[in-house]
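Student: Kindly generate the corresponding structure for this input.
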Amino acid sequence: MMILKKGTQIKVIAGKDKGKTGEILEINRKLNKVKIKSINMIKRHTKPTKENKGGIISRESFIHQSNVKNIDIKKKVKQVGKK
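Tutor: Now for the predicted structure:
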């Protein structure tokens, strides 16, 4: 099992963004998914409200953690187990 933390540099090893690198923005541990900066971009159509004007917004979507590889050398994390 790979240990991932917010802010870690990773490389995508499968999917439409294969070969790209980025930083982890968010982690969903329940679904084993991560959100990476400028990777797996989706278009979101939003209605106009008082706060924002709406339109088509591009944002990151989650990608499964089995499709990413840790490349951050300076933040080498040791695996912690129970004895």
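Student: Please count neighbours and contacts with C-alpha atoms only from this point.
Tutor: OK.
Student: I'd like to know how far Lys47 sits from Ser61.
Tutor: 19 Å (Cα to Cα, to the nearest Å).
Student: Who has more neighbours out of these two?
Tutor: More neighbours surround Ser61 than the other of Lys47 and Ser61, with 17 against 10 (other Cα atoms under 10 Å).
Student: Now do the same for the closest residue to that one other than its chain neighbours: its pLDDT.
Tutor: Using Cα to Cα, 6 or more residues apart in numbering and skipping the chain neighbours, the partner closest in space to Ser61 is Asn40 (5.6 Å). On pLDDT, Asn40 comes in at 94.
Student: Could you pull up the contacting residues of Asn40?
Tutor: Lys16, Asp17, Glu60, Ser61, Phe62, Ile63 (Cα atoms under 8 Å, 6 or more residues apart in numbering).
Student: switch the cut-off to 7 Å
Tutor: Residues in contact with Asn40 (Cα atoms under 7 Å, 6 or more residues apart in numbering) are Asp17, Glu60, Ser61.
Student: Mind putting those into JSON lines with secondary structure?
Tutor: As requested, those are exported to JSON lines (DSSP: H, G, I helix; E, B strand; the rest coil):
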{"residue": "Asp17", "secondary structure": "coil"}
{"residue": "Glu60", "secondary structure": "strand"}
{"residue": "Ser61", "secondary structure": "coil"}
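Student: Among those residues, pick out the one closest to Gly54, please.
Tutor: Glu60 (17.2 Å; Cα to Cα).
Student: Pull the contacting residues for the closest one.
Tutor: Neighbour list for Glu60: Lys35, Ile36, Lys37, Ser38, Ile39, Asn40, Met41, Ile42 [criterion: Cα under 7 Å, 6+ apart].
Student: Beta-bridge partners for the most centrally placed residue in the chain, please?
Tutor: In the chain, the centroid-proximal residue (Cα atoms, centre = their mean) is Lys35; its distance is 2.1 Å. On the basis of DSSP bridges, Lys35 is bridged to Glu26, Phe62.
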